[in-house]
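[1] 3D, please:
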Amino acid sequence: MSIVQHRPSRRALVVGATGIAGSAIVEQLTEGDWEVVTLSRTPVERAGVRHVSADLQSLDSLTEALRNEEITHVFFTAWIRRETENENIDVNSALLRNLLSAVESSPVQHVALLTGLKQYLGPFESFGKGSMPDTPFHEEEPRLDRPNFYYAQEDVLWEAAARRGFTWSVHRSHTIIGHAVGNAMNMALTLAAQATICRELGRPFVFPGSATQWNSLVDMTDSEVLAEQMIWASTTEGVGNEAYNIVNGDVFRWRWMWPRLAGYFGVEAEGFSDSPRPLEDQMKGMEEVWEGIAAKYGLAEPDLSRVASWWHSDSDLGRDIEVVADMSKCRLAGFTGYRRTLDSFIRLFDRYKADNIIPQ
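    Okay, the predicted model is just below:
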């Protein structure tokens, strides 16, 4: 009698599985009919998930870890930040190239790649400077005439897809807010930490950004709706081989949002005055204050650097340009995911309280 080996109909590999985007993808996949393999720096402790450990910068390490995994769908959400964009290009294109090479023998059907609106705004070192397309940003805009690791990753993805025959999708998010601790770019938890410190010290909750951001329209991306779109593009007939913007679907002004966030935490809201007041300045030296708050309320994370990323929120809120993305392309293709950003913030704050990351 011959032995027939089982080949999964849908076995997902989530790369960067403990990050804001990756953890949301894992949650949604495990609620569906998927086998889920995760790859990240720290293990994912969730029922229905098998974790593998490997170094994304080492092809040998990845190949050994994924040799027998039979991956059908890849969700790639990992990246490493370097000092210059040329270094970012070298490192991050290699991460994706290594991963795709490591699953060369797997029956890969689709690869979904997370990037962002720096596609239109430029990389960190020239962010929001020079020529840019008008808002709202549309997916068909040509690439900017400066180096960008998003472009390099797209090229790696397209070459592999053309050679091996799988479909692909690129997902261009705005500022992602979601549930993760120890992430380098998490505005929801950063603002929660700011508000918590302000409440403890009896200080006002001061908007750190520019007049432009205070007054102009803006949008954001809830990690849940991002995960929905990435899974949708990976499994829906006829929508692959495209790049899609992904934001919540609503727009708001920070002058409207800020008092509502302050109200949740019971602190006084203070808006833009004469110039930006960055969080890196406002929150300088607050590490011991946070340790005291953590001890007082029995919080799970006493290390403020794992809770707040002041620099990232300063970068987003300090821009002197309007940033809004058009969602028509995926809407016309059939994607209907939507979140109201205020609800996203409140839901996340409630969840961080329940997980004992911020005080009740």
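[2] list the contacts of residue 250.
    When contacts are counted by CB atoms under 8 Å, 6 or more residues apart in numbering, residue 250 touches 219, 338-341. Bear in mind the C-beta positions are built from the backbone N, C-alpha and C, glycine included.
[3] from the residues you listed, keep the buried residues only.
    Using 16 or more other CB atoms under 10 Å as the burial test, those include 219, 339, 341 as buried.
[4] how near is the second one to residue 137?
    Read it as residue 339. 19 Å (CB to CB, to the nearest Å).
[5] please name the nearest non-neighbouring residue to residue 39.
    residue 15 (5.0 Å; CB to CB, 6 or more residues apart in numbering).
[6] can you pull the contacts of that neighbour?
    22, 39-40, 56, 74-78, 99.
[7] 7 Å instead, please
    Residues counted as contacts of residue 15 (CB atoms under 7 Å, 6 or more residues apart in numbering) are 39, 74-78, 99.
[8] which of the residues you listed fall in helices?
    Among these, DSSP state H puts residue 99 in helices.
[9] what about burial for the contacts of residue 15, which qualify?
    39, 74-78, 99.
[10] turn the residues you listed into a markdown table, including distance to residue 50 and pLDDT.
    Putting the buried ones among the contacts of residue 15 into a markdown table (distance: CB to CB, whole Å; pLDDT from 0 to 100) gives the following:
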| residue | distance to residue 50 | pLDDT |
| --- | --- | --- |
| 39 | 10 | 92 |
| 74 | 15 | 98 |
| 75 | 15 | 98 |
| 76 | 18 | 98 |
| 77 | 18 | 97 |
| 78 | 18 | 94 |
| 99 | 17 | 98 |
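[11] on that earlier part again, quickly list what the residue nearest to residue 39 is bridged to.
    residue 39, residue 76 (DSSP bridges).
[12] pLDDT at it, what is it?
    We have a pLDDT of 97 for residue 15.
[13] swap in residue 116?
    pLDDT, residue 116: 96.
[14] cool, the one 10 residues further on as well?
    Per-residue confidence at residue 126 stands at 77 (pLDDT).
[15] helix, strand, or coil at the closest residue to it other than its chain neighbours?
    Leaving aside its chain neighbours, residue 126 sits nearest to residue 146 (5.9 Å; criterion: CB to CB, 6+ apart). Here residue 146 takes the coil state, with states given by DSSP: H, G, I helix; E, B strand; the rest coil.
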